[in-house]
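Engineer: 3D, please:
(chains A and B)
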Protein chains: 2
Amino acid sequence: MTTDFAATRAAFVLPEGIIYLDGNSLGPLPKAAATRVAQAVEAEWGQMLITGWNRAGWMEQPARVGDRIARLIGAEPGTVVMGDTLSIKVYQALASALEMNPGRRVILSDTGNFPSDLYMADGLVRTLGDGYTLRTVAPEEVLDAIDETVAVTMITEVDYRTGRKHDMAAITARAHQMGALTVWDLAHSAGALPVDLAGVGADFAVGCTYKYLNSGPGGPAFIYVAPRHADRARPALSGWLGHEAPFAFDLAYRPGRGVERMRVGTPPVLQLAALEAAMDVWDMTTMADVRARSIELTEAFIKGVEAACPSLTLASPRDPESRGSQVSFRHPEGYAIMQALIARGVIGDFRAPDILRFGFTPLYIGPEEVAAAVAVLAEVMDKGLWDRPEYKTRARVT
Amino acid sequence: MTTDFAATRAAFVLPEGIIYLDGNSLGPLPKAAATRVAQAVEAEWGQMLITGWNRAGWMEQPARVGDRIARLIGAEPGTVVMGDTLSIKVYQALASALEMNPGRRVILSDTGNFPSDLYMADGLVRTLGDGYTLRTVAPEEVLDAIDETVAVTMITEVDYRTGRKHDMAAITARAHQMGALTVWDLAHSAGALPVDLAGVGADFAVGCTYKYLNSGPGGPAFIYVAPRHADRARPALSGWLGHEAPFAFDLAYRPGRGVERMRVGTPPVLQLAALEAAMDVWDMTTMADVRARSIELTEAFIKGVEAACPSLTLASPRDPESRGSQVSFRHPEGYAIMQALIARGVIGDFRAPDILRFGFTPLYIGPEEVAAAVAVLAEVMDKGLWDRPEYKTRARVT
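Structural biologist: Reported below is the predicted structural model:
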């Protein structure tokens, strides 16, 4: 392993007294992002005004940053572009895939998918009408459920609750064998583990950047379109910045070159500035190093918790090859336990009905934090410190 | 008039030596926005991490800021929510409106509409299939073209090139009389002139915030849904934050209360912080005062340019009641003339094929800037200063 994880850690603002195991929900602030955002606000917006679109390179930023993300997910250069939110990009990818497979009407997904993906697919099939449907099966049934009726699979590689990891290569191969296309949601994959989109032959992929990639709250999403599809995929959300010549202001839409057609409206320049700075940290490492370290950390956490907290049940796969970069445990009082942890500076999160979720992010979390988190959790469980009324009152967001 | 426009002007960063007549494309930086964004980055994201969703109020921000915009566009409290881009919101509003008028298949728009609205409508009708069509007519024919086949009108109140203003009350009344719904695009209206959505009985409205509202490059859009529709409009783009209970993570979508259902994905917190600070300036004025001042400025500009530059032809309506807060002139060498102006610190923009466009934004532009801009333009035209090769080379973005 060649990565200097002390150096990557030093690149982040990490508040005193906090062990942050929630970077799989919102990554912490890269120090350079604060400077970069201030520059985008004051030197670019403030001083360049409208000319920032050319002079500061705002217009090309979604493709420029997309290329840096492409490197982390095994995508070819020029196949990833930034914009919108993950939900919007799911819709766009699904709509394109369905149109490219016109004889079929089924989107196949699984009940472990993040609900927003299912909601977006539901919205799309209602809009399409004509017998289009969303079919969901249990996660372990996905492979067998891909049959000749399936137009496109919509699968999130890593389960947001348990960290269970689908076999992207096997599902993609099976889909192609049965004549289906694939849309992969990489929300809990990008920056969490190696992804090889080109290698597995994925058709479309989407993801967010505010989790493992550390772009900040509400950072933009990305979309990948395989080169073989990019010049024929029709973006159902066909906005002017995906037009072949946006500033010609033609009345008729003509899709732009390649993945650029998946751009829709004006890009969020300030959020992209934060993301661009966050990507600099990724230049200090490789996904192989991050994955090796992630497995060390998750293995140590599981071992520590299982030894110290017998009432917690592992909800994540025990085999590290079958999980992402998070570990989840179940307990009927999971909500209150998580509140007790947060009150003691160990930040994870709770997912209904009973899941305690902990993210392990090697860029800024190491073995010392794992040991300390285990010790705090052990004390909370040993002494029943979670059993207080104030920990049982549910806030809106956890 | 009670507004202290010297005070509103002092709230902005206005670079030395620049006369900025392009606030209708990208508003300048409100001084407080720089501070507010830095706070969102450092004190909120940096120190609160994931808890910012509750502690910093990020989750409610799209509705909280929406209410402040509602005041400027004559919308009822609780009817406006922020998110996504204007193009996405156009799609969402159109899809909802079409579903609410199921016996009809036609979206009516006009050739003066901003092309992205037409592109999004085109993408939607292709997705819907089943005979759905986008019908476009000349702007002056809109009223007569609203017949019993029209499901929804999609009209931008103020033409982005000429500033020509549609009669929102008349078109809305006609649409309702013929059984059609209305989607109003307020891109060049919000913050430019008084809008009375509730008064005219508009059904849906959308707009952007980076023009007259000064939220910065890529600031989020807004959507308005009339209270009478809000609990039955189905958001085709049905994301988790528009769900009735996003954090229940139900597998089935249930739309949220009222306009909240039009939320889709995670809101762009940093862009919203800039917008929130920008809205403070709007608390220092009223749309009536802004409009009165805007008419003074545009009248003075037209009078000055017509007296000094006979080769320029007014492209905007002469009657101030029939135009927005911009003035456009035509000239076959419009592109080069605009480059010559920009080189001399007068920033407007060019819109193909021949339009010089100047925005008048009373919050930070006054009679002195109008007089100075006229003088520079007069000199450029008198001396033919635009006739240089470097002004004729087209950049990608103008």
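
Engineer: alpha carbons only for contacts and neighbour counts from here, please
Structural biologist: Will do.

Engineer: Which stretches in the stretch 101-250 of chain A count as helices?
Structural biologist: Listed in chain order, the helices of the stretch 101-250 of chain A (DSSP state H, counting those that start in this stretch) span A:115-128, A:142-145, A:168-177, A:197-200, A:227-230.

Engineer: Quick one, which of those gets closest to A:Gly324.
Structural biologist: helix A:168-177 (12.5 Å; C-alpha to C-alpha).

Engineer: List, one by one, the residues from the stretch 151-300 of chain A near chain B.
Structural biologist: A:216-220, A:235-240, A:247-253, A:264-271 (C-alpha under 8 Å from any C-alpha of the partner chain).

Engineer: Break down the stretch 51-200 of chain A into its strands, ranges please.
Structural biologist: With DSSP state E, counting those that start in this stretch as the definition, the stretch 51-200 of chain A shows strands at residue ranges A:80-82, A:106-110, A:133-137, A:150-156, A:181-185.

Engineer: Mean neighbour count, those: which tops it?
Structural biologist: For these, the largest average neighbour count (mean count of other C-alpha atoms under 10 Å in any protein chain shown) is found in strand A:80-82, namely a mean of 31.

Engineer: Would you mind pulling the contact partners of it?
Structural biologist: A:62-67, A:69-70, A:220-225, A:259-260, A:262-263 (C-alpha atoms under 8 Å, 6 or more residues apart in numbering or on different chains).

Engineer: Kindly report the same for stretch A:117-126.
Structural biologist: Applying C-alpha under 8 Å, 6+ apart, the contact partners of stretch A:117-126 are A:87-88, A:90-91, A:94-95, A:107, A:109, A:132-134, B:235-240, B:251-253.

Engineer: show me what contacts A:Ala248?
Structural biologist: Shown in contact with A:Ala248 (C-alpha under 8 Å, 6+ apart): B:Ala352.

Engineer: what does A:Arg234 give?
Structural biologist: Neighbour list for A:Arg234: A:Ser96, A:Glu99, A:Pro255, A:Arg261 [criterion: C-alpha under 8 Å, 6+ apart].

Engineer: what's the closest of these to chain B?
Structural biologist: Minimum separation from chain B among the contacts of A:Arg234 (C-alpha to the nearest C-alpha) is found for A:Glu99, which lies at 8.6 Å.

Engineer: Contacts only, for the closest residue to chain B within the stretch 251-398 of chain A.
Structural biologist: The shortest separation between the stretch 251-398 of chain A and chain B is 3.9 Å, found at A:Pro268 (distances taken as C-alpha to the nearest C-alpha). Under the criterion of C-alpha under 8 Å, 6+ apart, the contact list for A:Pro268 reads A:Gly83, A:Pro220, B:Pro217, B:Gly218, B:Gly219, B:Pro220, B:Gln271.

Engineer: picking that back up, in ChimeraX, how would I select the buried members of the contacts of strand A:80-82?
Structural biologist: In ChimeraX, selecting the buried portion of the contacts of strand A:80-82, with burial taken from 16 or more other C-alpha atoms under 10 Å in any protein chain shown, looks like this:
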select /A:62,63,64,65,66,67,69,70,220,221,222,223,224,225,259,260,262,263
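
Engineer: just to revisit the earlier point, need the contacts of A:Pro268 in JSON lines with pLDDT and distance to A:Leu124, can you?
Structural biologist: As requested, these are exported to JSON lines (pLDDT from 0 to 100; distance: C-alpha to C-alpha, whole Å):
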{"residue": "A:Gly83", "pLDDT": "98", "distance to A:Leu124": "19"}
{"residue": "A:Pro220", "pLDDT": "98", "distance to A:Leu124": "21"}
{"residue": "B:Pro217", "pLDDT": "98", "distance to A:Leu124": "30"}
{"residue": "B:Gly218", "pLDDT": "98", "distance to A:Leu124": "26"}
{"residue": "B:Gly219", "pLDDT": "98", "distance to A:Leu124": "26"}
{"residue": "B:Pro220", "pLDDT": "98", "distance to A:Leu124": "23"}
{"residue": "B:Gln271", "pLDDT": "98", "distance to A:Leu124": "28"}
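
Engineer: Show me which of those residues are buried.
Structural biologist: Using 16+ other C-alpha under 10 Å as the burial test, these include A:Gly83, A:Pro220, B:Pro217, B:Gly218, B:Gly219, B:Pro220, B:Gln271 as buried.

Engineer: dump the residue contacts of the fifth one.
Structural biologist: Counting by C-alpha under 8 Å, 6+ apart, B:Gly219 makes contact with A:Pro268, B:Thr85, B:Cys208, B:Thr209, B:Tyr210, B:Gln271, B:Leu272, B:Ala274, B:Leu275.

Engineer: Dump these to TSV, plus distance to B:His188.
Structural biologist: Shown next, in TSV, are the contacts of B:Gly219 (distance: C-alpha to C-alpha, whole Å):
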residue	distance to B:His188
A:Pro268	19
B:Thr85	15
B:Cys208	8
B:Thr209	10
B:Tyr210	10
B:Gln271	20
B:Leu272	20
B:Ala274	20
B:Leu275	17
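
Engineer: Which two of those have the greatest separation?
Structural biologist: Between any two of the contacts of B:Gly219 (C-alpha to C-alpha), the greatest distance is 15.5 Å, for B:Thr85 and B:Ala274.

Engineer: what's near enough to touch the spatially most central residue of chain A?
Structural biologist: Within chain A, the residue whose C-alpha comes closest to the C-alpha centroid is A:Ala187; the distance, by C-alpha atoms, centre = their mean, is 1.7 Å. Counting by C-alpha under 8 Å, 6+ apart, A:Ala187 touches A:Thr156, A:Val158, A:Val206, A:Gly207, A:Cys208, A:Thr209, A:Lys211.

Engineer: Can you tell me the closest non-neighbouring residue to the fifth one?
Structural biologist: Distance criterion C-alpha to C-alpha, 6 or more residues apart in numbering or on different chains; nearest residue to A:Cys208, sequence neighbours excluded, is A:Ala221 at 4.3 Å.

Engineer: That neighbour and A:Leu86 touch, don't they?
Structural biologist: Yes: in this structure A:Ala221 lies within contact range of A:Leu86 using C-alpha atoms under 8 Å: 5.0 Å.

Engineer: Distance check, the nearest residue to A:Glu260 once chain neighbours are set aside against A:Arg254.
Structural biologist: Closest residue to A:Glu260 in three dimensions, ignoring its sequence neighbours and counting by C-alpha to C-alpha, 6+ apart: A:Gly242, at 5.7 Å. When distance is defined by C-alpha to C-alpha, to the nearest Å, A:Gly242 is 8 Å away from A:Arg254.

Engineer: Make a markdown table out of the strands of the stretch 51-200 of chain A and add mean pLDDT.
Structural biologist: Putting the strands of the stretch 51-200 of chain A into a markdown table (pLDDT from 0 to 100) gives the following:
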| stretch | mean pLDDT |
| --- | --- |
| strand A:80-82 | 98 |
| strand A:106-110 | 98 |
| strand A:133-137 | 98 |
| strand A:150-156 | 98 |
| strand A:181-185 | 98 |
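
Engineer: top helix in chain A by residue count?
Structural biologist: helix A:287-308 (DSSP state H).

Engineer: is chain B contacted by stretch A:328-338?
Structural biologist: No: for a cut-off given as C-alpha under 8 Å from any C-alpha, stretch A:328-338 has no contacts with chain B; the smallest distance is 12.8 Å.

Engineer: Would you mind writing the CA trace of that stretch as CSV?
Structural biologist: C-alpha atoms of stretch A:328-338 as CSV (Å, rounded to 0.1, in the frame of the first residue of the first chain):
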residue,chain,number,x,y,z
SER,A,328,-24.4,-2.3,10.2
PHE,A,329,-25.8,-3.9,13.3
ARG,A,330,-29.3,-4.5,14.4
HIS,A,331,-30.9,-3.9,17.8
PRO,A,332,-34.5,-3.2,18.7
GLU,A,333,-33.4,-0.1,20.5
GLY,A,334,-31.1,1.0,17.6
TYR,A,335,-32.5,4.5,17.5
ALA,A,336,-31.8,5.2,21.2
ILE,A,337,-28.4,3.5,21.0
MET,A,338,-27.3,5.7,18.1
